[in-house]
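# quick one, fold the following:
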Amino acid sequence: MPRPTNVSPQTIKVLLRLLTRRNVWQYGYALARDTRLSSGTLYPILIRLAKQGWLETKWTEPVRPGVPPRHSYRLTSAGARAAAERIDSRPQARAKVRARTVTT
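Numbering: from 1, shown residues only. Predicted structure coming up:
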């Protein structure tokens with residue numbers, strides 16, 4: 001069995017957020033706000049996860065006129081499994097998932 005790739009603490013933050021809202025399309029600005037990551041940190045992570053097949057991406061049409069479309073993201077099945085493996089290997093991250101699951 002191949003060893004899971006190592007991920008940064010910032011990537012764990014993104015994976016936690018995506019995993020706790022697994023079936024919801026989330027856009028970049030909301031992910032940046034919720035993870036408190038800058039766009040210069042967040043978007044390279046999202047691009048890398050999408051290239052690895054962990055994320056689905058799509059353009060979401062605006063709900064009001066004059067608002068540009070948003071690029072939205074959600075975990076694929078493979079991405080959810082990989083995220084869960086990475087989080088399970090980190091006790092602090094695992095505790096955050098449990099806390100979010102109980103409160104949501």
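# quick one, helices of the chain?
Taking DSSP state H to define them, one finds helices in the chain at 9-20, 28-35, 39-51, 77-88, 91-103.
# turn the ones you listed into a markdown table, columns for distance to Lys58 and mean neighbour count.
Every C-beta, even on glycine, is put in place using the N, C-alpha and C of the backbone. Output for the helices of the chain, formatted as a markdown table (distance: least, C-beta to C-beta, whole Å; neighbours: other C-beta atoms under 10 Å):
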| stretch | distance to Lys58 | mean neighbour count |
| --- | --- | --- |
| helix 9-20 | 14 | 20 |
| helix 28-35 | 12 | 16 |
| helix 39-51 | 11 | 15 |
| helix 77-88 | 15 | 17 |
| helix 91-103 | 24 | 12 |
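# wait, which of those helices is closest to Glu61?
helix 28-35 (15.6 Å; C-beta to C-beta).
# show the average pLDDT along that closest one.
The pLDDT scores in helix 28-35 average 94.
# mind exporting the C-alpha coordinates of that helix to PDB?
Output of helix 28-35 as PDB, limited to C-alpha atoms (Å, rounded to 0.1, in the frame of the first residue of the first chain):
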ATOM      1  CA  GLY A  28     -13.100  30.500  -3.000                       C
ATOM      2  CA  TYR A  29     -13.900  33.600  -1.100                       C
ATOM      3  CA  ALA A  30     -16.000  31.700   1.500                       C
ATOM      4  CA  LEU A  31     -13.200  29.100   1.800                       C
ATOM      5  CA  ALA A  32     -10.700  31.900   2.300                       C
ATOM      6  CA  ARG A  33     -12.900  33.600   5.000                       C
ATOM      7  CA  ASP A  34     -13.700  30.300   6.800                       C
ATOM      8  CA  THR A  35     -10.100  29.000   6.800                       C
END
